[in-house]
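In: Compute the structure for the input listed below.
(2 chains)
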There are 2 protein chains.
Amino acid sequence: MTQISTLGEFGLIDHLTHGLTPRNASTLRSVGDDCAVVQYTTDAADPRRVLLTTDMLMEGIHFDLTYTPLKHLGYKAAVVNFSDVYAMNGTPRQLLVSLAVGRRTQVEHLEALYEGIRLACEKYGVDLVGGDTTSSLTGLALSLTCVGEAEASDIVYRSGAKDTDLLCVSGNLGAAYFGLQLMEREKRIFQSQKADNETAAQPDFSGREYLIERLLKPEARRDVVEALRQAGLHPTAMMDISDGLSSEAMHICKQSGVGCRIYEDRIPVDYQTAVTAEEFNMNVYTAALNGGEDYELLFTLPLTDHERVEQIPDVKVIGYITRPELGQKLVTKDGSEFDLKAQGWNPLRGED
Amino acid sequence: MTQISTLGEFGLIDHLTHGLTPRNASTLRSVGDDCAVVQYTTDAADPRRVLLTTDMLMEGIHFDLTYTPLKHLGYKAAVVNFSDVYAMNGTPRQLLVSLAVGRRTQVEHLEALYEGIRLACEKYGVDLVGGDTTSSLTGLALSLTCVGEAEASDIVYRSGAKDTDLLCVSGNLGAAYFGLQLMEREKRIFQSQKADNETAAQPDFSGREYLIERLLKPEARRDVVEALRQAGLHPTAMMDISDGLSSEAMHICKQSGVGCRIYEDRIPVDYQTAVTAEEFNMNVYTAALNGGEDYELLFTLPLTDHERVEQIPDVKVIGYITRPELGQKLVTKDGSEFDLKAQGWNPLRGED
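Out: Presented below is the predicted three-dimensional model:
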């Protein structure tokens, strides 16, 4: 028997889905990007496309209900699906929500969860159109599927990056990772106080609210996709950062058949992230490269767009695309080069 | 706090999804049928429609791996989704598969699961286009989403049944229920033999193969949908029987605003089902009405189609639709009338 950890999540998916040949004319793009792409028009020349993406969230793996309010969980579960659609340069339109709930779950819990889902749908203009509700022997399981739309010529895949392209990222990275570290530390303190029969102190996150918010209530970067469109900028490749910048940059390189250089000192990091990294005695760039759950956009643009991309708020050029033989490299402040590594969060690595 | 069991699955779904108003022109039909219906065409007059359905299957709730081979589980998980698309008179085209696996799951287990999924996709002409693969702290969780297509005028909803319509069912009912009873009985015998340190006898299902197959490897009734189409018969309402005939007939009545009469002696039952019911000292019609997991089609046709529907192989008229004030009734062999009850399998009833 073969351990799943020997293949990893993406190796496993490759292994299980190899040799799939689409049978239907409506199937345009299958496994391997943020979304699958299908077409449902009578006129084959109609450019309207449908984007499909799905995410599964398991209690104890993806979320810890001791510090995750159900309303936030619902919001986040919806938003991370929308993020996949924006990462294809599309617009999310419909959401299907399946959940399996343990015996102790009450109606009020699900009301809170749905309140968060509805809030996200309202904010992003998405319709909740269906799902499935069932029981679980143990914890809460959530599976969301989002349907989006795009014109064929607007869709951005992971595979279009070209030598000399600019590598860009939105917002800042590593914040959700330190939000998680703070929450996990408070949980340990709370548990040890409880074990000692002390009165548990209310955790104080003042000055760290941004990190907690990035963990518990992330947003999808619709604003960035819209700003690029308005500026007439069309990314050559794009994906959202869920598993960490390093891992995602490697996906774009692999699927585009290119290499890249990322300059460490150009990686955007928030002030709270930097302060908290120091407090935890960690390199902030390691967290920014590998932390994950940022839901920022990583994309490439032709070199000639350099001046125009500098005008886009909250977007930063962090490096460029190279010929494949130059590898996938991180350039540190002192000019040293290191191979990028996909140390990002991997639910199948079996560490949990 | 409110127990979920006080609302039941459908009450809960109503409760959580009330007041949803679609924001997008592409959303045509939302929660409440076998599939949601959306449209993704540039020309609003284009009749091509997209059908969306999703199902979640949890270990210990929906399947027992002690007697469910993973290949069969994969096949069944895919087929029950296809069945929802056929129940709208559509054709399934794409499938998204998400799974969460426990620590002890090996690559070979997932290969077997995917082998079943691929087999179902091949048989029904569906493309596997994506999904999500992650970990679970405990058992296996599966969530499948199927995308199908139909012309607008072909789609059959649950809400179109009219007074005097014929109520029809495909195949036969109750077989999967007795397949499950046989498996559960063998499991108990095996466990008690193990506890007594006896050599476990190989279970003998000879003469009951059909029941086991209906449980472990059900099929979607594409053939029936095609036969109706070829005969020029267009159901006024349709759904697939997953929770039991009684419960599903009540759904059609509720959503169509009608009543119905089902004649017990017209309910189709296989010989093996009848024999096994006797062996278990159960009323075979109770199992046929409430067993569930039949994945047969329940549909209504105008009374004028009576002669033509009698020509369709493997379809039986089991009753008719009435005005709503006449209620939803079962007519037994001796002419007594009873209210139909939704005793079908309900994963949220909390019996497990």
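In: Let's verify the residue nearest the centre of chain A: helix, strand, or coil?
Out: The residue lying closest to the centre of chain A (Cα atoms, centre = their mean) is residue A:242, at 2.5 Å. Under DSSP: H, G, I helix; E, B strand; the rest coil, residue A:242 falls in the coil class.
In: Check it and give its pLDDT.
Out: With respect to pLDDT, residue A:242 scores 92.
In: Any stretches of chain A with poor pLDDT?
Out: A:200-201, A:344-352 (pLDDT under 70).
In: now do 90
Out: A:1-21, A:29-34, A:66-67, A:102-107, A:130-135, A:137-139, A:186-207, A:243, A:292, A:341-352 (pLDDT under 90).
In: where's the residue in it sticking out farthest from the centre, which helix or strand?
Out: Distance from the C-alpha centroid of chain A, by Cα atoms, centre = their mean, peaks at residue A:197 (39.5 Å). Under the criterion DSSP states H and E, no helix or strand holds residue A:197.
In: ok, now residue A:192?
Out: Secondary structure (DSSP H and E) places residue A:192 in helix A:175-195.
In: right, and the helix or strand after that helix?
Out: Next along from helix A:175-195, by DSSP H and E: helix A:209-216.
In: Show me what that next one is packed up against.
Out: For helix A:209-216, the packing partners by 3 or more Cβ pairs under 8 Å, 6 or more residues apart in numbering or on different chains; DSSP states H and E come out as helix A:175-195, helix A:271-279. Placement of C-beta: from N, CA and C, glycine included.
In: how much distance is there from that helix to the middle of the chain?
Out: Remark: helix A:209-216 is offset 15 Å from the chain centroid, using Cα atoms, centre = their mean, to the nearest Å.
In: So which bits of that helix are buried?
Out: Residues of helix A:209-216 classed as buried: A:210-216 (neighbour count, 16 or more other Cβ atoms under 10 Å in any protein chain shown).
In: Show me the helices in the stretch 251-352 of chain A, by range?
Out: Assigned by DSSP state H, counting those that start in this stretch, the helices in the stretch 251-352 of chain A fall at A:271-279, A:284-290, A:306-310.
In: And the residue of the stretch 151-300 of chain A that's closest to chain B?
Out: residue A:151 (8.5 Å; Cβ to the nearest Cβ).
In: Pull the contacting residues for that residue.
Out: Residues in contact with residue A:151 (Cβ atoms under 8 Å, 6 or more residues apart in numbering or on different chains) are A:47-49.
In: Against residue B:75, how distant is it?
Out: According to Cβ to Cβ, to the nearest Å, residue A:151 and residue B:75 sit 37 Å apart.
In: Report all helices and strands that the helix or strand hosting residue A:108 contacts.
Out: Element membership for residue A:108 (DSSP H and E) is helix A:107-124. Helices and strands touching helix A:107-124, by 3+ Cβ pairs under 8 Å, 6+ apart, are helix A:70-86, strand A:91-101, strand A:127-135, helix B:8-17.
In: wait, residue A:243 sits on residue A:292?
Out: Yes: assessed by Cβ atoms under 8 Å, residue A:243 is found in contact with residue A:292 at 4.8 Å.
In: What is the end-to-end distance of stretch A:251-261?
Out: 14 Å (Cα to Cα, to the nearest Å).
In: near chain B, anything from it?
Out: No: taking Cβ under 8 Å from any Cβ of the partner chain as the criterion, stretch A:251-261 and chain B are apart, separated by no less than 14.6 Å.
In: And the helices and strands packed on helix A:107-124: which comes nearest residue A:206?
Out: Closest approach to residue A:206 among the helices and strands packed on helix A:107-124 (Cβ to Cβ): helix A:70-86, 18.8 Å.
In: a markdown table please, covering the helices and strands packed on helix A:107-124 and showing mean neighbour count.
Out: Formatted as a markdown table, the helices and strands packed on helix A:107-124 follow (neighbours: other Cβ atoms under 10 Å in any protein chain shown):
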| stretch | mean neighbour count |
| --- | --- |
| helix A:70-86 | 25 |
| strand A:91-101 | 26 |
| strand A:127-135 | 24 |
| helix B:8-17 | 18 |
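In: possible to save those as a markdown table with distance to residue A:251?
Out: Below are these laid out as a markdown table (distance: least, Cβ to Cβ, whole Å):
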| stretch | distance to residue A:251 |
| --- | --- |
| helix A:70-86 | 13 |
| strand A:91-101 | 21 |
| strand A:127-135 | 29 |
| helix B:8-17 | 35 |
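In: Return the residues of the stretch 101-250 of chain A in contact with chain B.
Out: Counting by Cβ under 8 Å from any Cβ, the stretch 101-250 of chain A sits next to chain B at A:101, A:103, A:105-108, A:110-111, A:114, A:118, A:125-139, A:141, A:143, A:145, A:147, A:149.
In: Phi first, then psi, for the nearest residue to residue A:241 once chain neighbours are set aside.
Out: Leaving aside its sequence neighbours, residue A:241 sits nearest to residue A:294 (Cβ to Cβ, 6 or more residues apart in numbering or on different chains; 4.4 Å). When read as degrees, to the nearest 10, the backbone of residue A:294 gives phi -80, psi -30.
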